[in-house]
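> just the structure for this:
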Amino acid sequence: MLTINRGRCVKINHVKGNNFGWLFGGRHYDFFATILGFGNTYYNQVAEALPLENRMSVLDLGCGTESVGIAISRQLGGDVEIHGLDLSGTQLDYAAIKSSKSGTSLNLYRGSMDLLPFTDESFDLVVTSVAFCETTSEVRKGAIREVSRVLKDKSCFAIVDCAKPIMGLDTVMMLPFFMFKETAESWNNHYPDICRENNLILENEIYIKSYVKCQLYRKAD
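Residues are numbered from 1 along each chain as shown. Below you'll find the model as predicted:
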């Protein structure tokens, strides 16, 4: 099943974050992402870092072409409900094409991650992968508030984002990229404090790349 809801945030893309138009979106986005080291291996590593269980409901914020959702579905043999939300119609259109080719069931929504069209306590897991760095600080903080609202008690939120790097060859090679994508919240590690204010407690963090960190938070009772 594939659902694309296009009813939200059409006029505020330029304010809320990167809209990834035709030139940098869709298949072009996947091409450039792979060159920058964000290909299938990376998305599989993200999926492996998550506390996945069969039949869970997963929300991917800033899902882009939904490579993370497809990797999660593949990891669980399709026994999962994937919801992806993004500002860009171009990204969502290509996500639909990828969904059809891979046989993955996706529910796609066009909207901003700080205005989620979901009821309270809807999801077993929320994840965002290198999407916070494409938004404003205000949107990031609003998104964390919304995640706390739509996440079930004791369930997890994974922030995968550019971070202050550890030494490695890929750090040197990708210095221009992660410096351009870095934010104050990620570089100074402010996410644990912001999340704690929203009842989300840091449980674990690992580096997936030398400049990309995965922080796993759990919603308290």
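> what mean pLDDT does stretch 39-55 have?
Across stretch 39-55, pLDDT averages out at 96.
> which of the residues in that stretch are buried?
In terms of neighbour count (16 or more other CB atoms under 10 Å), stretch 39-55 has its buried residues at 42, 43, 44, 45, 46, 47, 49, 50, 52. For the C-beta atoms, the positions are set from N, CA and C on the backbone; glycine is no exception.
> reformat those residues as a markdown table; add distance to residue 104 and secondary structure.
Conversion of these to a markdown table gives the following (distance: CB to CB, whole Å; DSSP: H, G, I helix; E, B strand; the rest coil):
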| residue | distance to residue 104 | secondary structure |
| --- | --- | --- |
| 42 | 18 | helix |
| 43 | 12 | helix |
| 44 | 14 | helix |
| 45 | 18 | helix |
| 46 | 15 | helix |
| 47 | 12 | helix |
| 49 | 19 | coil |
| 50 | 16 | coil |
| 52 | 15 | coil |
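> pull the longest strand from this structure.
Ranked by residue count, the top strand of the chain under DSSP state E comes out as strand 151-162.
> what comes up buried for it?
Of the residues in strand 151-162, those buried under the neighbour-count criterion (16+ other CB under 10 Å) are 151, 152, 155, 156, 157, 158, 159, 160, 161, 162.
> hmm, the fourth one is touching residue 216, no?
Yes: counting by CB atoms under 8 Å, residue 156 touches residue 216, with 5.7 Å between them.
> can you list residues touching both of the two?
Jointly contacting residue 156 and residue 216 under the rule CB atoms under 8 Å, 6 or more residues apart in numbering are 50, 51, 203.
> please tell me how far the closest residue to residue 48 other than its chain neighbours sits from residue 192.
With sequence-adjacent residues excluded and distances taken as CB to CB, 6 or more residues apart in numbering, residue 48 is closest to residue 75, at 7.1 Å. Distance of residue 75 to residue 192, computed by CB to CB, to the nearest Å: 26 Å.
> what do you get for residue 120?
With CB to CB as the criterion, residue 120 and residue 192 are 23 Å apart.
> same check on residue 131?
Remark: distance between residue 131 and residue 192 (CB to CB) = 18 Å.
> have a look at the two and say which one is more surrounded.
Counted by other CB atoms under 10 Å, residue 131 and residue 192 do not tie: residue 131 has more neighbours, with 25 against 16.
> so who does the more buried one touch?
Contacts of residue 131 (CB under 8 Å, 6+ apart): 61, 62, 63, 64, 113, 161.
> among those, which ones are in helices?
Among those, no member falls in helices (DSSP state H).
> show me where this structure dips below the pLDDT cut-off.
1-14, 22, 167-183 (pLDDT under 70).
> the residue most central in space within the chain in helix, strand or coil?
Nearest to the centroid of the C-alpha atoms of the chain, with distances taken as CA atoms, centre = their mean, sits residue 128, at 2.0 Å. Judged by DSSP: H, G, I helix; E, B strand; the rest coil, the three-state class of residue 128 is strand.
> please apply the same query to residue 147.
Three-state call for residue 147 (three-state DSSP): helix.
> for the closest residue to residue 148 other than its chain neighbours, what are its contacts?
Closest residue to residue 148 in three dimensions, ignoring its sequence neighbours and counting by CB to CB, 6+ apart: residue 198, at 4.1 Å. By CB under 8 Å, 6+ apart, residue 198 lies in contact with 144, 145, 147, 148.
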